[in-house]
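Student: Okay, sequence plus prediction incoming.
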Amino acid sequence: MSDPRFGTRQLVDRIRQLPVVPREVWQGAILAMPAWVHPDNGEPFRPFGAMWVSHTTGRLTVELEPAPDAHGPELLLAGLLRFGRQERKVVGGRAGRLQVADVETREWLQQALGSAAEVEVVPRLDDLDAALREYTDIATEDQPPAALEGPGVTLEVLERFADAAARYYAAAPWQYLSNEDLVEVESPVAPEGYRFALALGNGGQTFGLAFYSARAHHERMLDARSPEAGMKAMRVARSILFGTADGIPIKDHDLWLAHGLPVAGPRAYPFGACYHGHGEVTRPGREELEFAEAVLRALAETTEDEMDSGRWTRRVVAAGRETTLRLALPGLLEPGKPGAHVGPDAMRRSFERSHTEIQRFFDSHEFPSLDEANAALAEHFAGRPVGEMPSTASTPEERAQELAYQAYDWVGRKRVVL
């Protein structure tokens, strides 16, 4: 292994000492390696390395940078020395002809090597690209499929999706929507499994957007003992989750590096996936990804007033064309029943509310006898859940208190509106 402490001159002197094999042509570049390093102190990072590949034999070598962000052009020389020493045992020496992808690299290498090698620029480094693909496939075989493996997904589709995801993350709609606030996409018609959407992030742990084909599936998730049990009951769970770069497949991260795809921050890399009950993970196809793009854009632009209206429309540009979405919060629109709040706090509020109603009822009525008072109490309150008791509030203060009691019994956006 070449010593990274050696400077350019020392590296070139050692390279010159290796025999030249005329038939050998090597292609080289500095590339992000298909792996993450997780230091004890500091953020995870992808190391860079100098890769050299032989056009003749297909053999390769990689010289990793000695420290983060230490991949200057001299790393190519260190890799060249390593490869030369390695290939001396196989083909008898090093290449005298080197190929790189850009003029700047070529000029630096040629000046450093002088007459030791001929350096040329070629339109494509096919041998290097093929070797890197194979190297990446081996290193990432246990990772989920890449985004571009979704049926019909292209780089253009992914770029639009990334832009929508960045806007959604920046807008942070989970500030206003809880895990009880299921959003229904009433139109356009959703792909299978995408009719209902749920903003994730109100609890401050997991951020993103979950999708469901029916409200019942969302209710199963809420009632499940654990997220794993809920996913098992659903058979297929669909979501877009945000996280750090090391949380997405290497092949996805390569696209962000190579094409500068939009991202809202270091913890905002989007990962869209379908989780199947038997443990398989697949990626959304073009139809699903473009629909998700439209929903992300619409929710990013939605105002609190629109949410509180219960139903609203948003016109967005998604999949390269204008689309109008009609969204609704069914839990806000339908009378329904309050959410189930159980436990000591809920019991105390229920007792306090019923006691307050009964006290106000007796304060506003006079009864000649205890029997008549008991009869009135039975008629108005006996056997009725506290939520169905007739309200006795008459003053603004009492009505405000009554509204507060009602709001406590509801969940999600309904509670905020009340």
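Tutor: Noted; the coordinates are in hand.

Student: And S2, what's its pLDDT?
Tutor: With respect to pLDDT, S2 has a value of 44.

Student: cool, and T282?
Tutor: T282 is assigned 97 on the pLDDT scale.

Student: Where does R133 sit: helix, strand or coil?
Tutor: Assigned state for R133: helix (three-state reduction, DSSP: H, G, I helix; E, B strand; the rest coil).

Student: what about it, how many neighbours?
Tutor: 12 (other C-beta atoms under 10 Å). C-beta: built from backbone N, CA, C; applies to glycine.

Student: what's the answer for E334, then?
Tutor: Count around E334 with other C-beta under 10 Å applied: 11.

Student: separation between it and R311?
Tutor: Distance of E334 to R311, given as C-beta to C-beta, to the nearest Å: 11 Å.

Student: Per-residue pLDDT of the spatially closest residue to A116 that is not a sequence neighbour, please?
Tutor: Leaving aside its sequence neighbours, A116 sits nearest to R16 (C-beta to C-beta, 6 or more residues apart in numbering; 5.0 Å). Looking at R16, its pLDDT stands at 96.

Student: quick one: buried residues of the longest strand belonging to the chain?
Tutor: Of all segments of type strand in the chain, defined using DSSP state E, the longest is strand 20-32. Within strand 20-32, the residues that count as buried by 16 or more other C-beta atoms under 10 Å are 21, 24-32.

Student: try stretch 114-134
Tutor: 116-117, 119, 125, 127-128, 131-132.

Student: Filter these down to the ones in helices?
Tutor: With DSSP state H as the criterion, helices contain 127-128, 131-132 from among the buried residues of stretch 114-134.

Student: can you put the residues you listed in JSON lines and add distance to A95?
Tutor: As requested, those are exported to JSON lines (distance: C-beta to C-beta, whole Å):
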{"residue": "D127", "distance to A95": "12"}
{"residue": "L128", "distance to A95": "13"}
{"residue": "A131", "distance to A95": "15"}
{"residue": "L132", "distance to A95": "18"}
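
Student: Closest one of those to L11?
Tutor: Proximity of these to L11 (C-beta to C-beta) peaks at L128, which lies at 20.4 Å.

Student: Pull the contacting residues for the closest one.
Tutor: 27-29, 51, 53 (C-beta atoms under 8 Å, 6 or more residues apart in numbering).

Student: show me the contacts for P145.
Tutor: P145 neighbours (C-beta under 8 Å, 6+ apart): 249, 281-283.

Student: And the furthest pair within these?
Tutor: Counting by C-beta to C-beta, the most remote pair of the contacts of P145 is P249 and T282, 12.4 Å apart.

Student: Any idea how many residues pack against the closest residue to A170 other than its chain neighbours?
Tutor: Using C-beta to C-beta, 6+ apart and skipping residues adjacent in sequence, the residue nearest A170 is A264, 4.8 Å away. For A264, the count of nearby residues is 18 (other C-beta under 10 Å).

Student: May I ask you to confirm that A264 belongs to a strand?
Tutor: No: secondary structure assignment (three-state DSSP) places A264 in coil, not in a strand.
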